[in-house]
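*Asks:* I need the structure of the sequence given here:
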Amino acid sequence: MLFSAVFEQFVQCSPVCVMHRALMENVFAPAELDALFRRTAVNQYERELLFSTMVDLVSLVVCRVSKSVHAAYVRKREEVGVSVRALYDKLGGVEVGMSRALVQYSAERVGKLIHLSRGARASLLKGYKTRILDGNHLSGTHHRLKVLRGTAAGALPGQALALLDPQRMLIEDVFPCENGHTQERALLDQVLRSINKGDLLIADRNFCTLGFLFGLKRQKACLIIRQHARMPWTAVGKERYMGRCATGRVYEGTADLCDPQTGKITHIRRITVKLSQPTRDGDTEIHLLTNLPAKIKPIKIAELYRRRWTLEQAFNELTTHLRCELNTLGYPRAALFAFCVAVCSYNLLAAVKGALRSVHGEKKVETEVSNYFLTDEISSVYKGMMIALPPVNWEIFQAMPAAGLASHLRRWARTADLENYPKHQSRPKKTKAPCPNAQFKHVATSELLDKSRQSKRKKPKSASP
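*Replies:* Down below sits the predicted model:
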């Protein structure tokens with residue numbers, strides 16, 4: 001396929017930006033997004049403002065091409081075709097199920113591209129599909145809503161749990177919640193419905209509940225979860241010393257757990273790591289519960305649990321390199337929608353890195369390529385590239401088959417000079433004294449909005465004169 005000389009010039013000078021823009025055109029194809037909306041939306045509807053238009057505007061903000069939703073609207077006001085107030089009203093009404101469906105859709109499309117470009121990383125544990133679970137609370141927003149103007153507390157617009165596939169570095173699924181005060185464990189029933197037979201789930205102690213552990217067992221899934229201090233258990237026999245891992249000495253024992261539904265007792269492996277250095281919370285040892293077979297050695301299990309940080313690093317990249325938290329969007333649904341669009345953009349970046357891995361090798365890309373410089377190049381080159389190559393030049397990628405696009409991604413990746421995206425090893429952080437307690441607590445925006453709506457319903461109607 002022939003491209004213009006200007007297009008090829010951008011391929012030579014900024015292949016990462018070209019790859020990202022082609023992926024946006026393909027994955028965020030308007031026809032596909034609007035079809036997804038019609039299949040998924042329950043109460044929301046489309047008239048003048050299409051769902052694909054909202055995704056397009058917010059994606060410019062999370063990729064740092066535009067500074068705000070309003071700035072993106074000003075640049076594309078003729079294409080949007082509605083007032084800025086109508087746009088914000090529409091964003092505030094996006095259903096959380098729709099936001100979640102958008103992430104699932106992007107992960108499916110991008111995952112196929114990574115597979116076709118042969119850009120996946122080595123499996124963490126052969127024979128298992130590993131998935132990492134963690135949660136993210138969106139940071140406080142500006143007090144622009146009427147219900148927030150009377151409080152000085154931080155306004156939390158919501159939270160979300162996420163499932164990461166570390167082999168493809170894709171966030172496959174999210175579980176958004178409008179109430180920022182909701183306990184993360186309340187969302188675990190939704191997580192269980194997304195876990196399949198043979199999956200290996202890695203999670204922190206906050207998700208260690210008997211109901212969740214036995215729910216995973218009923219799903220015939222495997223787990224590595226750090227034991228919560230308050231979880232009831234009974235030791236069986238003595239622990240055995242199994243050797244050393246990177247963080248300390250490893251011991252293995254057996255624990256008895258009681259199924260809260262049936263009352264039956266189940267044996268489960270309990271791995272203890274006595275740490276060489278205490279954690280930031282002061283813990284000198286951690287305990288891991290797992291139902292992996294005995295052939296998987298305890299030291300391997302301890303090393304697998306350390307990979308849990310992969311998802312926390314992904315959240316950090318969403319916050320610092322992309323903009324997953326738009327503090328100008330006070331309504332919970334709008335903030336969660338922006339977070340999910342940022343997750344989709346992160347997945348697009350995963351496809352770019354997958355193409356780079358397939359050409360330059362996994363080790364080189366993982367150790368030498370910085371996501372900061374990748375996203376910086378995209379945001380700095382994008383505007384000029386779109387002036388030289390208007391949207392009509394990119395429409396060819398909307399209906400391009402996945403195999404054809406994967407082939408182009410590999411070709412463009414060969415022109416990338418990885419020295420333009422250097423990764424610097426971080427230095428060990430100095431221990432800091434604990435910060436004093438904040439003067440004000442947080443408030444959940446959704447709770448204040450619910451109270452406001454209820455009070456309006458209870459107000460008696462004034463009698464007509």
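
*Asks:* by mean pLDDT, which helix or strand of the protein comes out lowest?
*Replies:* helix 309-320 (a mean of 75; mean pLDDT, DSSP states H and E).

*Asks:* where do the helices sit along the stretch 151-300 of the chain?
*Replies:* 188-192, 210-218, 298-306 (DSSP state H, counting those that start in this stretch).

*Asks:* nearest to residue 122, of the ones you listed?
*Replies:* Nearest of the helices of the stretch 151-300 of the chain to residue 122, taken as CB to CB: helix 298-306 at 13.0 Å. For glycine as for every other residue, the C-beta is placed from the backbone atoms N, C-alpha and C.

*Asks:* re the thing from before, tell me which of the helices of the stretch 151-300 of the chain is the most buried.
*Replies:* helix 298-306 (a mean of 20; mean count of other CB atoms under 10 Å).

*Asks:* name the helices or strands packed onto that helix?
*Replies:* strand 199-203, strand 222-226, strand 234-245, strand 248-258, strand 265-275, strand 285-290 (3 or more CB pairs under 8 Å, 6 or more residues apart in numbering; DSSP states H and E).

*Asks:* which one, of those, ends up nearest to residue 362?
*Replies:* Once these are compared by CB to CB, strand 199-203 is nearest, at 20.1 Å.

*Asks:* export the closest one as PDB, just CAs?
*Replies:* Written as PDB, here are the backbone C-alpha positions of strand 199-203 (Å, rounded to 0.1, in the frame of the first residue of the first chain):
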ATOM      1  CA  ASP A 199      -6.800 -18.300  35.100                       C
ATOM      2  CA  LEU A 200      -4.200 -17.300  37.700                       C
ATOM      3  CA  LEU A 201      -5.200 -14.300  39.700                       C
ATOM      4  CA  ILE A 202      -2.600 -12.300  41.600                       C
ATOM      5  CA  ALA A 203      -4.000  -9.700  44.100                       C
END
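
*Asks:* what lies in contact with it?
*Replies:* 124-125, 128-134, 195, 216, 219, 221-226, 292, 304-305, 307-308 (CB atoms under 8 Å, 6 or more residues apart in numbering).

*Asks:* quick one on the thing from earlier: among the helices and strands packed on helix 298-306, which comes closest to residue 17?
*Replies:* Of all those, it is strand 199-203 that lies closest to residue 17, at 33.6 Å by CB to CB.

*Asks:* report the inter-axis angle for the closest one versus helix 309-320.
*Replies:* Orientation of strand 199-203 against helix 309-320 (axes from the mean of the first three to the mean of the last three CA atoms, to 10 degrees) gives an angle of 70 degrees.

*Asks:* sheet partners, orientation included, of strand 199-203?
*Replies:* Strand partners for strand 199-203, identified by DSSP bridges, are recorded as strand 129-137 (parallel), strand 222-226 (parallel).

*Asks:* could you give the angle of it to strand 285-290?
*Replies:* Inter-element angle recorded for strand 199-203 and strand 285-290: 160 degrees (by the same axes, to 10 degrees).

*Asks:* run the angle between strand 199-203 and helix 210-218 for me.
*Replies:* Using the same axes, to 10 degrees: strand 199-203 against helix 210-218 is 160 degrees.

*Asks:* quick check: which ranges of the chain have low pLDDT?
*Replies:* Low-confidence segments of the chain (pLDDT under 70): 1-2, 311, 425-441, 459-465.

*Asks:* now with 80, please.
*Replies:* 1-3, 310-327, 424-442, 456-465 (pLDDT under 80).

*Asks:* next structured bit after the helix or strand that contains residue 340?
*Replies:* Using DSSP states H and E, residue 340 falls within helix 332-360. Note on helix 332-360: by DSSP H and E, the next helix or strand toward the C-terminus is helix 362-368.

*Asks:* and the next element down the chain from that following helix?
*Replies:* Next in line after helix 362-368, if elements are assigned by DSSP H and E, sits helix 371-388.
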